[in-house]
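[1] sequence plus predicted model, see below.
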Amino acid sequence: MDYKKYSLENLENWLHDAMESGATPQEIYDVVIDVVQESYYHHKHHASYAYDLLNKFTNHASAGIVSLTGPDSDEPIVLGPYTGSVEEYEQAIMERL
């Protein structure tokens, strides 16, 4: 069984259980909304953090920072100040992937 099917079946079972538990429709609705909001704010926080960090690296690009594209993505991989050959930095990047 794939994970998506498994998760949706569990959600269905939990919903049936909640409905039979005596919980009101509002209580069930509130729980679902709380879970969705919690997930949204969690990911928003991490996306904001990553954006701020990426912005710091991007702002340093004019100061001789090397930025190369990874093999499986168009997103740049940023390494510290350029002091060696591009080949050396490419090798360092490949070791980090």
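    Great, that's in hand.
[2] any idea how this protein splits into domains?
    Following automatic domain parsing, one finds the domains of the chain at 1-59, 64-97.
[3] for those, which has the smallest mean pLDDT value?
    The minimum mean pLDDT among these belongs to domain 64-97 (a mean of 58).
[4] and His43, how far from Val36?
    Using Cβ to Cβ, to the nearest Å, His43 is found at 11 Å from Val36. All C-beta spots, glycine's among them, are computed from the backbone N, C-alpha and C.
[5] over to Tyr49?
    Look at Tyr49 and Val36: by Cβ to Cβ, they are 21 Å apart.
[6] how about the strands in the chain?
    Taking DSSP state E as the test, the strands found in the chain are 65-69, 76-81.
[7] what's around Val31, how many residues?
    Val31 has 13 neighbours, counted by other Cβ atoms under 10 Å.
[8] pull the number of nearby residues for the closest residue to it other than its chain neighbours.
    Using Cβ to Cβ, 6 or more residues apart in numbering and skipping residues adjacent in sequence, the residue nearest Val31 is Ala18, 7.5 Å away. Residues lying near Ala18 (other Cβ under 10 Å) number 16.
[9] I figured Ala18 hits Ile28, correct?
    Yes - with contact defined as Cβ atoms under 8 Å, Ala18 counts as touching Ile28 (5.2 Å).
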